[in-house]
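Participant: I would like the atomic coordinates for the input below:
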Amino acid sequence: MFLAIFKETAKKIVRNKKNRLMLILSVIGIVLYVSLAVTNNENVLTIDKEQIELETYAEYGQKESRLDAGDIAVNSFTGVDTYSLAKQNYELNQSFLKAIDEGDINRLVDLQTSRTPSFQMENVNEYLDDEYAGDFQMKEFERVAIFQQMDALGELDDVNTHIYNNKSAFQQLHSFFTGFGPLIILFLTVFVASEILTDDRKHRTIKAGQPVGFRQYIFYQSVTVFIIMTAATAALITLFILVTGLLHGFGPLSLDVTQYAYQDGYRGEETNFFNIPLSTFLIQSGVLTVILIYLFVRINAVLSLVFRHDIVVMIIGFLLVAFNRIYSGGSEETVLGLPAHIFPQNYFEFGTVLNGVQNYLTMSDQFTFVNGITVLAVTIAVTEIILFVIVFWMDRQKFERAVG
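Facilitator: Numbering: from 1, shown residues only. Take a look at the predicted model:
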């Protein structure tokens, strides 16, 4: 019987013009994003050759003028003379210029992990001001993450320009999950799932003819939607990896990415930051994606029974997905007087949990992969209980009359 319901539900999903249009737009969006946005991606610490040439000439002029004047001009506060400082900066800039001219990315990374030119720090500050205007906390988190990422590149045996500029497939997948990726997946899930059960009002004879209980029928439908959405998501992510990988390389899964758990002291203390392998991050992201898809499919079943109209169900589903951004943005330490980490909405954008942003914003160490699975599992259990109870109130006959 499951196979019959699976086939019927799958036909509804595949034949739906809106679903097919959304799939086509998703494929086009992936191709355009990879070919345009990713191609122009550049590391924040990328050094402009013209700028460093000008800085090198300036440091050389400063060094030579002090040497010619016979006055090294010791700074009374730092105890460092101007001549020596200019000489050090000149030699450092020369090393950068040589690495750039020779195209030696590994040497460039080694130099940047040891010391960043002062003018480049100014560029980083400008970038952070533009990217996180008014958000001091995220500005500081990103500042540490930028230099931690450069240190992680320094641990690799071989770095090319694509890896350096965060263009490789697995690096971009990491950016997808830490950005809007989870929200996009959940919005698509709600979009597809919102009219599956309510659509039965147009095909009541099909539904009524199935020799299976209403509760079991809804469950079989939910499993079908879950399987199809999981398969579609996996297919689109695979396409994303393949297109990005063919253009910019796949990148190393051994690369470390930033994680954060508050321990003690100042929020931005570097001891609170640590690294996890990119492979671990991606595996955890995959697990949470699957769990969240199932959760929202079942939530849509509840909403369908209560509101019985696909547009209403979809709008409420969208609001639930975006609830955290609408309510607080995920920066609240407590919700209704209770610890924020026990509320499921804080795990919808799971990338910010897995990279430690949620811990950073709430000065906590409780937003973890394990806690996320636990909270979402409890949420699924509660949703199942609610669905079980609602079916007693909204049985098959009442549902048909209500939507007929």
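
Participant: what segments of the stretch 1-150 of the chain are helices?
Facilitator: 2-15, 17-32, 49-69, 82-102, 105-114, 118-131, 136-154 (DSSP state H, counting those that start in this stretch).

Participant: longest helix in this protein, by residue count?
Facilitator: Using DSSP state H to define each element, the chain has its longest helix at helix 214-248.

Participant: average pLDDT across that helix?
Facilitator: The pLDDT scores in helix 214-248 average 94.

Participant: cool, stretch 362-382 as well?
Facilitator: 95.

Participant: need the residues that contact it.
Facilitator: 261-263, 267, 284, 287-288, 291-292, 294-295, 298, 331-333, 339-344, 346-347, 350, 353-354, 356, 358-359 (C-beta atoms under 8 Å, 6 or more residues apart in numbering). (Glycine included, C-beta is placed from N, CA and C.)

Participant: thinking again about what came up before, and the helices of the stretch 1-150 of the chain, which one is worst for confidence?
Facilitator: Taking the mean pLDDT of these, helix 49-69 comes last: a mean of 77.

Participant: for burial, what's the neighbour tally of the nearest residue to residue 152 once chain neighbours are set aside?
Facilitator: The shortest distance from residue 152 to any non-neighbouring residue, by C-beta to C-beta, 6 or more residues apart in numbering, is to residue 256 (4.0 Å). Neighbourhood size, residue 256 [other C-beta atoms under 10 Å]: 20.

Participant: residues in contact with residue 256?
Facilitator: Taking C-beta under 8 Å, 6+ apart, we find residue 256 in contact with 148, 152, 155, 275-278.

Participant: any chance of these in TSV, with secondary structure too?
Facilitator: Converted to TSV, the contacts of residue 256 look like this (DSSP: H, G, I helix; E, B strand; the rest coil):
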residue	secondary structure
148	helix
152	helix
155	coil
275	strand
276	strand
277	strand
278	helix
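
Participant: of those residues, buried ones?
Facilitator: Buried positions within these, assessed by neighbour count (16 or more other C-beta atoms under 10 Å), are 148, 152, 275-276, 278.

Participant: and this structure, what are its domains?
Facilitator: Split into domains by automatic domain parsing, the chain comes to 2-41+170-403, 49-165.

Participant: highest mean neighbour count out of those?
Facilitator: domain 2-41+170-403 (a mean of 17; mean count of other C-beta atoms under 10 Å).

Participant: now do that domain: distance to the chain's middle.
Facilitator: 13 Å (C-alpha atoms, centre = their mean, to the nearest Å).

Participant: for residue 320, give me its contacts.
Facilitator: Residues in contact with residue 320, defined by C-beta under 8 Å, 6+ apart, are 190, 296, 299, 345.

Participant: would you mind measuring from it to residue 286?
Facilitator: 22 Å (C-beta to C-beta, to the nearest Å).

Participant: cool, and residue 389?
Facilitator: For residue 389, the distance to residue 286 equals 32 Å [C-beta to C-beta].

Participant: again, but for residue 343
Facilitator: 23 Å.

Participant: go on, residue 140?
Facilitator: Residue 140 is 30 Å from residue 286, by C-beta to C-beta.

Participant: and of the buried ones among the contacts of residue 256, the nearest to residue 311?
Facilitator: For those, the closest approach to residue 311 (C-beta to C-beta) belongs to residue 278, at 40.1 Å.

Participant: please report the distance of the residue nearest to that closest one when sequence neighbours are not counted from residue 261.
Facilitator: Sequence neighbours aside, residue 255 is the residue nearest to residue 278 in space, at 4.6 Å (criterion: C-beta to C-beta, 6+ apart). Per C-beta to C-beta, residue 255 is found 20 Å from residue 261.

Participant: hmm, back to that, tell me the contacts of the residue nearest to residue 278?
Facilitator: Counted by C-beta under 8 Å, 6+ apart, residue 255 has contacts 152-153, 156, 163, 170-171, 277-278.

Participant: and for residue 288?
Facilitator: 182, 347, 350, 354, 369, 372-373, 376.

Participant: narrow those to those in helices?
Facilitator: Using DSSP H, the contacts of residue 288 in helices are 182, 354, 369, 372-373, 376.

Participant: test my guess that residue 49 contacts residue 100.
Facilitator: Yes: under the criterion of C-beta atoms under 8 Å, residue 49 makes contact with residue 100 at 5.5 Å.

Participant: what's the spacing between the spatially most central residue of the chain and residue 216?
Facilitator: Closest to where the C-alpha atoms of the chain average out (C-alpha atoms, centre = their mean) is residue 178, at 1.6 Å. Residue 178 is 39 Å from residue 216, where distance means C-beta to C-beta.

Participant: what's in contact with stretch 239-250?
Facilitator: Stretch 239-250 has contacts (C-beta under 8 Å, 6+ apart) with 27, 30-31, 34-35, 38-39, 160, 162-163, 167-170, 172-173, 176, 251.

Participant: stretch 12-25 too?
Facilitator: Counting by C-beta under 8 Å, 6+ apart, residues outside stretch 12-25 touching it are 188, 191-192, 195-196, 199, 224-225, 228, 232.

Participant: can I get those residues in TSV with distance to residue 115?
Facilitator: Conversion of the contacts of stretch 12-25 to TSV gives the following (distance: C-beta to C-beta, whole Å):
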residue	distance to residue 115
188	45
191	50
192	52
195	58
196	58
199	63
224	58
225	54
228	53
232	48
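
Participant: those residues: which two are farthest apart?
Facilitator: So, the contacts of stretch 12-25 by C-beta to C-beta: farthest apart are 199 and 232, at 18.2 Å.
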